[in-house]
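Trainee: Everything below, folded, please.
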Amino acid sequence: MKVTIERTKIVKPFCDSNNLPVDPKSHFVPLSVFDKVSYNTHVAIIYAYNPPTPTNATIELGLQKVLSEYREWAGRLGEDENGDPVIFLNDKGVNFVEASIDIKLEQVMPLQPSPFLLSLHPKVKDVEALLQVQLTRFACGSLVIGFTGHHLVADGHSASNFLVAWGKATRGLDINPLPLHDRTIFNPRNPPYFEFEHKGKKLKSIKSILQCSVNGRARMNPKVPNEYFGNLVLWTYPSSKVEDLVQEPLGYAAKLVRNAVESVNDKYFKSFIDFATVKAKEEDLVPTADANVSTCIPNLKVDSWLRFPFYELDFGGGSPCIFMPSYIPIEGFMFLLPSCNGDGSADACITLFRKNMDIFKQIVSKLLES
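Mentor: Numbers count the residues shown, from 1 in each chain. I've put the predicted structure just below:
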């Protein structure tokens, strides 16, 4: 069961050469405070389609079209003259790989985490491209698209909007609505107001931490348009004593999570902008999402993709039959996403080292029994 690489190339956006800067390094997008605290790593997801599917050339053409509106993906990370991180809009392009495999898709269903899944993506080691795509054709006519995008460029919300737009462009439709690229909209207040604790502090009594992602687009006032392209996510930390979690019903824990998410409101986001822009510079703090660590255990990070339109990625043959994250380089990361069954249920995908899988299964079994 080996994937054969048929062709590898660089795909660049359709752009009017008259509008391109003479010096590519003079044209860039600065990373926002939310980009800077995102993970400095690639995130890989897989889409699978039953036949009929459009040709590779048709999908490639759609990619060229959509990249003209989402040029960050075709750019490169770097620094401006002040040493601040930016995305250079130099149109160096994305990696585009065409591959095949001499088996039917049903022979590897259901898809399970394995080295095989990694073969459905281009390699990410020492790669400068911010986006990579691999089209793998199966003997039955099915198509698997491996999408690998750099998290500093976009969060899940923005990535899903890009993917849906790619499908529209492939089908010959207008890309509408167009993305909002202004990452300078998150300016600090004058004077800045640090209303919340943003440094992070360690408490001796805490044994483990649950982190839940919070999308700021609808929580800020005025609301940030859904079309905003970039990262706009912060994390909240529900807290409780162990004895309360053990003694109280499951609804108690759910309420803790809900209340914690609701507390990350407009005031919290604006306080963070002020802190990350002003206070962090004064104290020479480095924004980070701990991408250099390989595990969160015994902690757990939960990211909800339930409202993202991933299943709307239609290249002309209908919705995908499978959608799933395939590679996250950090243990203890859980993603909630709509089930491919289409029955309204949700799938939970979690990254674990093999040595921790059995104990995780035991914990889940006890929860289900209770």
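Trainee: Could you use CA atoms for every contact and neighbour count after this?
Mentor: OK.
Trainee: so where do the helices sit in the stretch 151-300 of the chain?
Mentor: Counting by DSSP state H, counting those that start in this stretch, the segments of the stretch 151-300 of the chain that form helices are 156-170, 242-247, 250-263, 266-274, 280-282.
Trainee: OK, contacts around the closest residue in space to residue 213 that isn't next to it in sequence?
Mentor: Spatial nearest neighbour of residue 213, chain neighbours left out: residue 235 (4.6 Å); criterion: Cα to Cα, 6 or more residues apart in numbering. Counting by Cα atoms under 8 Å, 6 or more residues apart in numbering, residue 235 makes contact with 211-214.
Trainee: Spatially central residue in this protein, please.
Mentor: By Cα atoms, centre = their mean, the chain has its centre lying nearest to residue 156, at 3.6 Å.
Trainee: hang on, that residue packs against residue 308?
Mentor: Yes: taking contacts as Cα atoms under 8 Å, residue 156 lies within contact range of residue 308: 7.4 Å.
Trainee: confidence score at the residue nearest to residue 213?
Mentor: At residue 235, the model reports a pLDDT of 89.
Trainee: cool, and residue 205?
Mentor: For residue 205, the pLDDT comes out at 56.
Trainee: going forward, begin numbering at 29 instead of 1
Mentor: Sure, I'll start numbering at 29, so the last one becomes residue 233.
Trainee: Could you list the low-pLDDT ranges of this structure?
Mentor: When residues are selected by pLDDT under 70, those of the chain lie in 44-54, 228-236, 308-325, 398.
Trainee: relative to its centroid, which residue of it is most remote?
Mentor: residue 275 (35.7 Å).
Trainee: got a list of what it touches?
Mentor: Residue 275 is in contact with no residue at all, counting by Cα under 8 Å, 6+ apart.
Trainee: for residue 105, same thing?
Mentor: Applying Cα under 8 Å, 6+ apart, the residues near residue 105 are 113-116, 156, 158.
Trainee: Just confirm it is within a strand.
Mentor: Yes: assessed with DSSP: H, G, I helix; E, B strand; the rest coil, residue 105 lies in a strand.
Trainee: Give the bridge partners for it, please.
Mentor: Residues in a beta bridge with residue 105, per DSSP bridges, are residue 115.
Trainee: mind checking how far it is from residue 237?
Mentor: When distance is defined by Cα to Cα, to the nearest Å, residue 105 is 32 Å away from residue 237.
Trainee: If you tally nearby residues, what's the number for residue 82?
Mentor: For residue 82, the count of nearby residues is 14 (other Cα atoms under 10 Å).
Trainee: same check, this time on residue 261
Mentor: Using other Cα under 10 Å, residue 261 has 20 neighbouring residues.
Trainee: Not counting sequence-adjacent ones, nearest residue to it?
Mentor: Distance criterion Cα to Cα, 6+ apart; nearest residue to residue 261, sequence neighbours excluded, is residue 243 at 4.7 Å.
Trainee: pretty sure that neighbour contacts residue 262?
Mentor: Yes: using Cα under 8 Å, residue 243 and residue 262 qualify as a contacting pair, with a distance of 6.8 Å.
Trainee: Now restrict the contacts of residue 105 to buried residues only.
Mentor: 113-116, 158 (16 or more other Cα atoms under 10 Å).
Trainee: Now for these: which two are most distant?
Mentor: Maximum pairwise distance among these (Cα to Cα): 14.2 Å, between 113 and 158.
Trainee: Could you list the domains of the chain?
Mentor: Here the domain assignment for the chain is 32-199, 235-334+356-397, based on the TED database.
Trainee: what would the ones you listed look like in TSV with distance to residue 222?
Mentor: Converted to TSV, those look like this (distance: least, Cα to Cα, whole Å):
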stretch	distance to residue 222
domain 32-199	15
domain 235-334+356-397	5
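Trainee: Comparing those, which stretch has the densest surroundings?
Mentor: domain 32-199 (a mean of 19; mean count of other Cα atoms under 10 Å).
Trainee: who are the neighbours in contact with the residue lying closest to residue 255 once chain neighbours are set aside?
Mentor: Of all residues beyond its chain neighbours, the one nearest residue 255 is residue 207 (4.8 Å), with distances taken as Cα to Cα, 6+ apart. By Cα under 8 Å, 6+ apart, the residues touching residue 207 are 97-98, 255-257.
Trainee: With respect to residue 363, which of the contacts of residue 105 is nearest?
Mentor: Distance to residue 363 across these (Cα to Cα) is lowest for residue 158, with 21.7 Å.
Trainee: Now do that closest one against residue 180, distance only.
Mentor: In this view, residue 158 and residue 180 are 9 Å apart by Cα to Cα.
Trainee: Do I have it right that residue 331 meets residue 261?
Mentor: No: judged on Cα under 8 Å, residue 331 makes no contact with residue 261 at a distance of 10.0 Å.
Trainee: Done for today, thanks.
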